[in-house]
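S.K.: got a sequence here, can you model it:
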Amino acid sequence: MRSICIKRKSFILSTVFAFLFSVFFIGIEAQAAAGDNTFIKPAEGTFTSNFGLRNGEYHYGVDMAKSGYVKVVASAPGTVSRSYLSSSYGNVIFIKHTINSVPYETVYAHLNTRNVGVGAAVYQGQVIGSMGNTGTSSGQHLHFEVHQPYWTSAKTYAMNPMNFIPAWEGKYRTGNFLYNVGTDTIYPISYNGDNDIIVKVDSTSTTVGKYKVYLQKTINGVWTSVGQADAPKTGAQTITFTQENSSTALSPYTQYRLLLKNSDTTRVYYKVWYK
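M.R.: Numbering: from 1, shown residues only. Just a heads-up that it's a prediction; the model follows:
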């Protein structure tokens, strides 16, 4: 089994192969959305408060906390519906999404900074602000809510975010391929000059050998490899894509993808998660 972890970079995983493929996610009420690998964890950090009853009151979202500068990203592509300073939410951003023709609205509260305004179209993984301690808050954290179909002041349509994003940092997918798998829309986000894409590969297979991991971006409308590395079919390895062909740094907010190729007829089974 082959596992891949993308650290510090959020991306949308899409398939480009015609072989048998299956996807499994945690949660029942979010199957339609999560089955297409749609939502991601919006910030790094430890989950500190769950959805549901808390100290005799209902908590309509989940909290995640981490010290220092922590960027907050859009959990799914959509359009910013609200961006303002609330007495309770503090600096807060609302984003409306349509996923498989189903409307959702996500809420990102207690932000330190807000980078997007009402009407802005955002992609999944785009930095929309930073974690903070504004509004009714007792320490730096992100309060995250998911509503279907939309947010109301009574929180009538609030859903448990943990049914949309797993407890670990990222999303989960499983499947297999004979020759290649493409993964789409990886956006390196520059912070302190760090534009790396770090891929952790942990593989087990019935055969020995290696497969290729290619970093690609579109050049003149064509997906073109700009970096590559070997990954073992058995064992673990970390791959850091820092430059394109050892010449120029990865461009922040530029769409990249990974292409993974198996050179023989061995069917490769895998799991994928990232943050």
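
S.K.: list the helices and strands the longest strand along the chain packs on?
M.R.: Taking DSSP state E as the criterion, the chain has its longest strand at strand 102-114. On a contact count with 3 or more Cβ pairs under 8 Å, 6 or more residues apart in numbering; DSSP states H and E, strand 102-114 meets helix 31-34, strand 78-86, strand 90-99, strand 127-131, strand 142-147. Yep, even glycine has a C-beta here, placed from its N, CA and C like the rest.

S.K.: make CSV from these and add mean pLDDT to it.
M.R.: Converted to CSV, these look like this (pLDDT from 0 to 100):
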stretch, mean pLDDT
helix 31-34, 36
strand 78-86, 98
strand 90-99, 97
strand 127-131, 94
strand 142-147, 98
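
S.K.: how about these, which one is nearest A121?
M.R.: strand 78-86 (5.5 Å; Cβ to Cβ).

S.K.: so what touches that closest one?
M.R.: By Cβ atoms under 8 Å, 6 or more residues apart in numbering, the list of residues contacting strand 78-86 from outside reads 91-98, 104-106, 109, 114, 116-122, 128, 134-135.

S.K.: and the next helix or strand past the helix or strand of the chain with the lowest mean pLDDT?
M.R.: Lowest mean confidence among the helices and strands of the chain (mean pLDDT, DSSP states H and E): helix 31-34, at a mean of 36. Using DSSP states H and E, the helix or strand that directly follows helix 31-34 along the chain is strand 46-49.

S.K.: what packs against the next helix or strand after that following strand?
M.R.: Downstream of strand 46-49, the next assigned helix or strand under DSSP H and E is strand 52-54. Where contact means 3+ Cβ pairs under 8 Å, 6+ apart, strand 52-54 is packed against strand 57-59.

S.K.: in its sheet, what does the strand it packs on sit against?
M.R.: Paired strands of strand 57-59, with direction, are strand 52-54 (antiparallel) (DSSP bridges).

S.K.: tally of neighbours for K233?
M.R.: Around K233 there are 19 other residues, counting by other Cβ atoms under 10 Å.

S.K.: how near is it to L260?
M.R.: From K233 over to L260 the distance is 11 Å, taken as Cβ to Cβ, to the nearest Å.

S.K.: which neighbours do the two have in common?
M.R.: Contacts common to K233 and L260, judged by Cβ under 8 Å, 6+ apart, are Y211.

S.K.: can I get the CA coordinates of the longest strand of the chain in PDB?
M.R.: Extracted as PDB, the C-alpha positions of strand 102-114 are listed here (Å, rounded to 0.1, in the frame of the first residue of the first chain):
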ATOM      1  CA  VAL A 102     -25.800  20.700  -3.000                       C
ATOM      2  CA  PRO A 103     -25.300  24.200  -1.300                       C
ATOM      3  CA  TYR A 104     -23.200  24.600   1.800                       C
ATOM      4  CA  GLU A 105     -21.900  27.600   3.800                       C
ATOM      5  CA  THR A 106     -18.800  27.400   6.000                       C
ATOM      6  CA  VAL A 107     -17.800  29.800   8.800                       C
ATOM      7  CA  TYR A 108     -14.200  30.800   9.900                       C
ATOM      8  CA  ALA A 109     -14.300  32.700  13.200                       C
ATOM      9  CA  HIS A 110     -12.000  34.500  15.700                       C
ATOM     10  CA  LEU A 111      -9.500  35.300  12.900                       C
ATOM     11  CA  ASN A 112      -6.700  37.700  13.500                       C
ATOM     12  CA  THR A 113      -6.700  38.900   9.900                       C
ATOM     13  CA  ARG A 114      -9.100  38.700   7.000                       C
END
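
S.K.: cheers, nothing more for now.
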